[in-house]
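**Student:** Pasted the sequence and its predicted model underneath.
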Amino acid sequence: MHAWAGKILRVDLSEREYDIEDLDPYFAKMYIGAQGTATRILYDEVDPTIDALGEENKLIFSTGALVGTGAVTGIRSVWAAKSPLTGGIAFSNVGGYFPAEVKFAGYDMIIFEGIADDPVMLWIDDDEIEIMDADHLWGKDVFETEDIIKSEIDDPWKAMDTRIASIGPAGENLVKIAAIMSDKHRAAARCGIGAVMGSKNLKAVVAHGTKDVSVAVPEAFNKSVNAALGAIRASERASKVFPAYGSAGLVNFYNEVGLLPHMNFKKMALPEAHKISGQAVADGYLIRNQGCFSCPMSCGGPAEVKEGPFEGVSHRPEYETHALMGPNCGIYDPEALLKGNNECNRLGIDTMDMACQVSCAMELYEEGHLPESDAGMKLNFGNGEALVTLIQQTAYREGLGELIAEGGATLAEKYGQPDLFIGVKKMGYAGYDARNAYGMALGVVTSTRGGCHCRAYTLVREALAHAFGPKEMAVDPVSMQGKAEMLMMMQNMQTALVDCAGFCQFSMSGQPPPLLFPQLATATGVNYTMPEVVINGERIWNLQKMFNLKAGITKADDVLPKRLREEPATAGPGKGKNPDVETMLKYYYMLRGWDEEGVPTPQKLAELGLEGQGL
Amino acid sequence: MQRIRIDQAKCTGCRSCEAACSLKHYENEINPKKSRIRVCMVAERFYPVISGPPTEAECTSKVDVIIEGQEHDECTLCRAACPSRPWFREPDTDIALKCDFCGDPPEPHCVQVCAAEALTMVEVQ
């Protein structure tokens, strides 16, 4: 096989044994990699009704097909399981260096089964696999864990080439918004995936690999890589804005068009946003850029706050963290944002869900539902120190952290206001106010993993194309016309050609699908056509939907938060209105070949080669 | 005469150069551990190092250098394939690897893929 390593490492934590299986070439072709291959294995092997934190859940690390090939941004991979947060399917996307090291060790996927009786870590050094005691690491934060593991490697050169994924105290304490961190600052954040790792008593996965990854048609592959690099160099956004300001370079723009949420989605388009933009962080705090393996855009990098209460070196946050931990918490101080981001990374928590919980707590407090005596502090909007304290309390399940750690509306319900938690399927809402982009409204509602924006980034056409081109791609953001079609196409295409292949979604601003496809085809050598790849995306999407339906997630869960349904937009193109998701949803289900309840019909499943997989 | 210029401050640690180098020198393989350029990572800084001729023995003296307040083992920045470290040797055969400029005239693939322009070709009299 080319591009794929061709092996799956299956680890039984209960028995402390492992097995190495072959990756079936037909399976690889159909499910490509990352969330695709992981979805099919979860669907076949995990009962969707089980306890996500119990012994029967499986935790899967699955690399994108092109990871390690040097394809442009070919590094993205997923951690997948049944989610303890949403109860549905979980897959959390991550880059950095760790995924490539796993591939160079010779594995496309690692499947963890069972529960270890004591804390363990998995060591992968090419063919040498060891399940080792990790008692001395339990309780340590993510940064300490990586430093200790590396310090225990005798050869400093090998230590430099060794990559680690681990959980912090949040994952250990089964916090349902915990992340799996790798390379210290790269997060597989969403869906509470870190709690699954914690429930298995798995503290860390350590990888070192010296094997080859091959490509099928090297000259054509090289050409396709150079074509993509050329296109990225020619793109102002990909080659200038992203490296300079990260994805948060869009904070100011999204604020102007009413997409950036403020104060728990109560307000929009406030002028203070510029204080906490990507530009502000880059100009004031960024030390240098850092890119993931084979990424020319380098949106990350260390950032330093030199003095004051938020002093310390952290990592530049991306847009979602800016939006949700910043303006959506009424915080316009970049130093508080950097500290909050760093505490989440250090303790292993999803910044997005954490920030959604904090903004909810702040509104509960300001509206008088949550008394100061319960919080133990003032929780006013804009209170950066409260943000940091709540993050720490959540990791250790102390104070309000005990409620926040359960995720979803748990905290909001406790204080009698469940609708003040802004989320979908118990997952905190992404940092784009749906009242000013109806395609995104439908996208977040239909995402197979909860309140997530990144299964189909419709804003490329609903917002970015208006300002940055290409103009012919621009569509009216607050019209329902054509949104279901557009969304479905993007979901199918993005799932297969971007996520499963291992490309980074950020790179699409420079390398559109026609430049991605040749890299996938020439590296794998699979005789794909682009429509076939997109159909693979549709198949994967339907399997994820089936998993969720079997887990009990239904049409009733495909809803926008009440605030976005009922309180009209105060600014932007949608001013005075709300999106009518219910109407769009009916049409979307029909287009997808699902019935009125959003259940894939037997005909649709048969068409996708999934006969007999119905409810 | 052409030279490769490394601007350490511009390197983002993306290691595209490692991937491109190995693909250039092997039939269809990508493997950073077989690359003639490695990005050394120390304290979140990145130092691309391009391999020179191999050496049979380690240096007798050991040297630390301080660059902008950060202490480095000088071996980190050395170009030799040397017994003191695994770099610039094929992991399975131990054959030493030396940068060959990707031919004559030089067209180094590492430079071609360096989007950050940490690696550039310069003409020197």
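**Tutor:** Happy to help now that I have it.

**Student:** Quick check: closest non-adjacent residue to whichever residue of the stretch 151-300 of chain A sits closest to chain B.
**Tutor:** Going by Cβ to the nearest Cβ, chain B is nearest to residue A:296 of the stretch 151-300 of chain A, at 3.0 Å. C-beta: built from backbone N, CA, C; applies to glycine. Distances taken as Cβ to Cβ, 6 or more residues apart in numbering or on different chains place residue B:115 nearest to residue A:296, at 3.0 Å, with adjacent residues excluded.

**Student:** That neighbour: what's it in contact with?
**Tutor:** A:229, A:232-233, A:239, A:296-298, B:14, B:16 (Cβ atoms under 8 Å, 6 or more residues apart in numbering or on different chains).

**Student:** Tabulate the residues you listed (TSV), appending distance to residue A:61.
**Tutor:** Below are the contacts of residue B:115 laid out as TSV (distance: Cβ to Cβ, whole Å):
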residue	distance to residue A:61
A:229	28
A:232	28
A:233	32
A:239	31
A:296	25
A:297	24
A:298	24
B:14	22
B:16	23
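
**Student:** By neighbours, which of the residues you listed wins?
**Tutor:** Top of those by neighbour number is residue A:297, holding 30 neighbours under the definition other Cβ atoms under 10 Å in any protein chain shown.

**Student:** On the three-state scheme, that residue is what?
**Tutor:** For residue A:297, the assignment made with DSSP: H, G, I helix; E, B strand; the rest coil gives coil.

**Student:** Roughly how far does it sit from residue A:228?
**Tutor:** The gap separating residue A:297 from residue A:228 is 11 Å, by Cβ to Cβ, to the nearest Å.

**Student:** Can you list the buried residues in the longest helix seen in chain A?
**Tutor:** Ordering each helix of chain A by length in residues (DSSP state H) puts helix A:530-550 first. Residues of helix A:530-550 classed as buried: A:530, A:533-550 (neighbour count, 16 or more other Cβ atoms under 10 Å in any protein chain shown).

**Student:** Pull up the residues of chain B that are close to chain A.
**Tutor:** B:9, B:12-16, B:19-20, B:22-23, B:26-34, B:40-42, B:44-46, B:73, B:85-87, B:91-92, B:112-113, B:115-116 (Cβ under 8 Å from any Cβ of the partner chain).

**Student:** Would you point out the helix or strand in chain B whose mean pLDDT is lowest?
**Tutor:** strand B:70-73 (a mean of 86; mean pLDDT, DSSP states H and E).

**Student:** and the next element down the chain from it?
**Tutor:** As assigned by DSSP states H and E, the chain's next helix or strand after strand B:70-73 is helix B:109-112.

**Student:** so what secondary structure elements neighbour that next one?
**Tutor:** With contacts taken as 3 or more Cβ pairs under 8 Å, 6 or more residues apart in numbering or on different chains; DSSP states H and E, helix B:109-112 sits against helix B:16-25, strand B:119-123.

**Student:** Just give me how far it sits from the chain centre.
**Tutor:** Here helix B:109-112 is found 12 Å from its chain centre; the criterion is Cα atoms, centre = their mean, to the nearest Å.

**Student:** what's that helix in contact with?
**Tutor:** With Cβ under 8 Å, 6+ apart, helix B:109-112 has contacts from A:226, B:4, B:17-18, B:20-21, B:23-24, B:37, B:48, B:50, B:102, B:119-121.

**Student:** Which among the residues you listed count as buried?
**Tutor:** Among the contacts of helix B:109-112, those that count as buried by neighbour count (16+ other Cβ under 10 Å) are B:4, B:17-18, B:20-21, B:23-24, B:37, B:48, B:50, B:102, B:119.

**Student:** give me the subset of the buried residues of helix A:530-550 touching chain B.
**Tutor:** Applying Cβ under 8 Å from any Cβ to the buried residues of helix A:530-550, none is adjacent to chain B.

**Student:** Any chance of the helices and strands packed on helix B:109-112 in JSON lines with mean pLDDT and distance to residue A:205 as columns?
**Tutor:** Formatted as JSON lines, these follow (pLDDT from 0 to 100; distance: least, Cβ to Cβ, whole Å):
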{"stretch": "helix B:16-25", "mean pLDDT": "96", "distance to residue A:205": "22"}
{"stretch": "strand B:119-123", "mean pLDDT": "96", "distance to residue A:205": "32"}
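
**Student:** which stretch among those comes nearest residue A:18?
**Tutor:** Proximity to residue A:18 (Cβ to Cβ) singles out helix B:16-25 among these, at 28.4 Å.

**Student:** could you dump that closest one to PDB, C-alpha only?
**Tutor:** The C-alpha coordinates for helix B:16-25 follow below in PDB (Å, rounded to 0.1, in the frame of the first residue of the first chain):
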ATOM      1  CA  SER B  16       8.300  20.000   4.900                       C
ATOM      2  CA  CYS B  17      12.000  20.100   4.000                       C
ATOM      3  CA  GLU B  18      12.500  16.700   5.700                       C
ATOM      4  CA  ALA B  19       9.700  15.200   3.700                       C
ATOM      5  CA  ALA B  20      10.800  16.700   0.400                       C
ATOM      6  CA  CYS B  21      14.400  15.700   0.900                       C
ATOM      7  CA  SER B  22      13.700  12.000   1.600                       C
ATOM      8  CA  LEU B  23      11.200  11.800  -1.300                       C
ATOM      9  CA  LYS B  24      13.900  13.300  -3.700                       C
ATOM     10  CA  HIS B  25      16.600  10.900  -2.600                       C
END
